[in-house]
Each structure stands twice: as structure tokens, then as C-alpha cells.
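Asks: Here's a sequence, model it:
(chains A and B)
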Amino acid sequence: MARGGQNSVVKQLAPRRGSMRPAEVSPERRERLDQARVLRDPRVRALWPRLKRRQQQVVLDPSAAVGHRYPLSSGEIAQLTGMSERQVRYWADHGLIVHWRKGSRRLFETVGLITAYSITNASQHELQFYRGLMEDPVVKLTAKVGILTSVLASRLEGIEPSEAEELAAPLAELTHR
Amino acid sequence: MTLRQLHGDEFLFHYTDAARADAIIEERCFVSGPGVARGFGIYATDIAPSGAETVEDVIVHCFRGEATPAEVSHAVAVRRSAGDLRFEQTDDPYQWVLPTGKLELVHIEGIYVATAQFTGSRWSIIDED
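Replies: This is a model prediction of the structure:
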């Protein structure tokens, strides 16, 4: 009787073939799925064609280079991109390399490696510009943003409506925040 | 299991990225998305993973060109039906959907068959039920 009762409990708890139920996932899984959502952001999609072919291949299959699937560690991002670990941490902590944290460790998914490669592909001038945006005092930053806005506004006049929308979207999001 | 064995009428393919594929492989947890034609659901296609051109085909036919290869680097083979669950064909000849209501994350038992990964040049099976 007891045995039969246990079996029926097990049967009730066992997932039924062809069944669907809401998923409760661990915080870690939630973080990874959030990163997958960022991968679909138009700004990230725009980075993909700018990666070198070899970089695209590593993004698709990092296991060939590091021996396992995502997520990758800071050290592995450094190894794959040629940056130092300190540089990886710097850009990650300033929001340019997308990542999530497990305790004190920074972990990187597909979108993290794409953004990391984009940093390594950027010119020194571009990196200097980004560093300025991150480190300048607000007064100086305001001036830079003012100039940037004027430049972008003049560009909007001469481009296709769809391109204009793409260009204006990040600014709209900034305003929204 | 081989890729060839997946090229049958009984299977469809849910194309997704590495992190979402891991959730399916490890927990049978699917991320439901809002499609244009049929609302929330798990979307799949009958385009089977075969060569490098599959990625472009999937991006064009299933994502209207608005996806990168990194978003479709994994092909999750699923059964067209299992128990009470059944993928329904949409108006789009390449798309089937398993409606999920408003659920964003769902555990689905019984439809998973295998997962193939695109490595940049070819597809290979990385997991099977």
C-alpha cells in the first residue's frame, strides 16, 4: 500500500510526455537568458558584420578555442581577443563589454564576446573617445554630447528615413532612461 | 544520431542562440517569443540544418533578414506533436508554432529530440534526448 502510494506520488510529479508548464529558472539561468535577449538588440546586431570572419567563427563556436561552451571567463575573453584581463575588466565594468556576474566573477555569453571583439577592432581614436565619455567630468561630457547631437542632427537631414530611425533610436532610449 | 536522421517529416527545427539552446538541453526550458502572425509561442521551421547556407536561409525565411548567425547558431530538433502538444502551421510556409499563451518561459516535456550546432562551417549534433 505504502509502496503503491509512493509510486502514485512519483507518477504525479513526473513530467508528462507532451506537457507544458510555466518554467521557474535559477537566477543564473535567468542571467544567461537576459544576455540572450541583449544579443537581439539592433545595436548588437549592427556589430556582427564588422567582426572579422575568424572572430565570427570563434563567436559561433568558442569551444574550439577554449574547450567549452559559453559562458566564458574574463581570462578566456582576454585570451580570445588579445586584450589583457585588466582591459577586459575595465571595459566590462564600464558597460562596453556585456557580461553578467556570478559572485565576484564576470561571465560572458555570445553578446559579450561580440562586444569584446568590437572593442579590439576599434581604432585608438575611437577607444580614446569612449574613454573620454566614461571618465570626463559631467561638464565636459555635456559639451561633447552637445557637439555629437549637432553632428547627428545634420546627418539626419541627408539619409534615408529607415537609417534616420536607426540613428535616432539610441538617443530616444537615452531620453527614455 | 546523425543529421541525416533528422531530415524526416516528423521533425521541425527551432533555431536559437547558445544560451537559449543550453536552457533547452539542460532543463527543457524554452523561451517563447511573440511572432508576427500567431502571437506568443515556440516557433519552428522545416528547414533542416545541412550546410553553411542553412543559416542564411533561416535568417531570411524565418526572421525576415533581421537576425545574425549568432542568434540562430543552434538548431533544436523537435517532434511535430507529442501528447496534447502539436505545432500548428502558420500562414507562412516555413513557420510552425506551438502556442504558449502569454508564458515567456515554459518547460516542455516530450517534444525535444536533439540539438545541432553551427560551428561556422558545418553543423554537428551536440546533444540528443
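Asks: Count the residues that sit near residue 117.
Replies: Just going to use chain A. 26 (other Cβ atoms under 10 Å in any protein chain shown). Yep, even glycine has a C-beta here, placed from its N, CA and C like the rest.
Asks: look at chain B instead
Replies: By the criterion of other Cβ under 10 Å, residue B:117 has 21 neighbours.
Asks: excluding its backbone neighbours, what's nearest it?
Replies: Closest residue to residue B:117 apart from its sequence neighbours, by Cβ to Cβ, 6 or more residues apart in numbering or on different chains: residue B:126 at 4.8 Å.
Asks: Doesn't the one you found belong to a helix?
Replies: No. Membership of residue B:126 in a helix is not supported by DSSP: H, G, I helix; E, B strand; the rest coil, which gives strand.
Asks: Next one, pLDDT for it please.
Replies: Looking at residue B:126, its pLDDT stands at 96.
Asks: How about residue A:5?
Replies: Residue A:5 is given a pLDDT of 48.
Asks: gap between the closest residue to chain A within chain B and residue A:75?
Replies: At 1.8 Å from chain A, residue B:83 is the closest residue in chain B, using Cβ to the nearest Cβ. Residue B:83 sits 45 Å away from residue A:75, taking Cβ to Cβ, to the nearest Å as the criterion.
Asks: of those two, who's got more company?
Replies: residue B:83 (14 against 11).
Asks: any idea what sits nearest the more buried one, other than its immediate chain neighbours?
Replies: residue A:18 (1.8 Å).
Asks: cool, residue B:2 as well?
Replies: Per Cβ to Cβ, 6+ apart, closest to residue B:2 is residue B:125, 7.0 Å.
Asks: what's near enough to touch that neighbour?
Replies: Residues near residue B:125 by Cβ atoms under 8 Å, 6 or more residues apart in numbering or on different chains: B:1-3, B:114-116.
Asks: Give the other helices and strands that the strand or helix carrying residue A:169 contacts.
Replies: In the assignment (DSSP states H and E), residue A:169 maps to helix A:161-176. Where contact means 3 or more Cβ pairs under 8 Å, 6 or more residues apart in numbering or on different chains; DSSP states H and E, helix A:161-176 is packed against helix A:42-45, helix A:138-157.
Asks: Most tightly packed of the ones you listed?
Replies: Greatest average neighbour count among the helices and strands packed on helix A:161-176 goes to helix A:42-45 (a mean of 14), per mean count of other Cβ atoms under 10 Å in any protein chain shown.
Asks: now what about that one, what contacts it?
Replies: Residues from elsewhere that reach helix A:42-45 (Cβ under 8 Å, 6+ apart): A:38, A:98, A:111, A:114-115, A:166, A:169-170, B:66-68.
Asks: what does stretch A:123-139 give?
Replies: A:94, A:96, A:119, A:122, A:140-141, A:144.
Asks: Repeat that for stretch A:85-96.
Replies: Everything outside stretch A:85-96 that qualifies as a contact, by Cβ under 8 Å, 6+ apart, is A:74-75, A:77-78, A:81, A:83, A:97, A:99, A:106, A:108, A:112, A:115-116, A:119, A:130, A:134.
Asks: Any of the residues you listed buried? List them.
Replies: A:74, A:77-78, A:81, A:83, A:97, A:99, A:106, A:108, A:112, A:115-116, A:119 (16 or more other Cβ atoms under 10 Å in any protein chain shown).
Asks: before we move on, back to that, cross the contacts of stretch A:85-96 against helices and list the overlap.
Replies: Secondary structure assignment by DSSP state H places A:74-75, A:77-78, A:81, A:112, A:115-116, A:119, A:130, A:134 of the contacts of stretch A:85-96 in helices.
Asks: Over to stretch A:97-110 now: how far is its first residue from its last?
Replies: 11 Å (Cα to Cα, to the nearest Å).
Asks: and the least confident helix or strand in chain B by mean pLDDT, which residues are buried?
Replies: Least confident helix or strand of chain B, by mean pLDDT, DSSP states H and E, is strand B:33-35 with a mean of 77. Neighbour counts over strand B:33-35 (16+ other Cβ under 10 Å) mark B:33, B:35 as buried.
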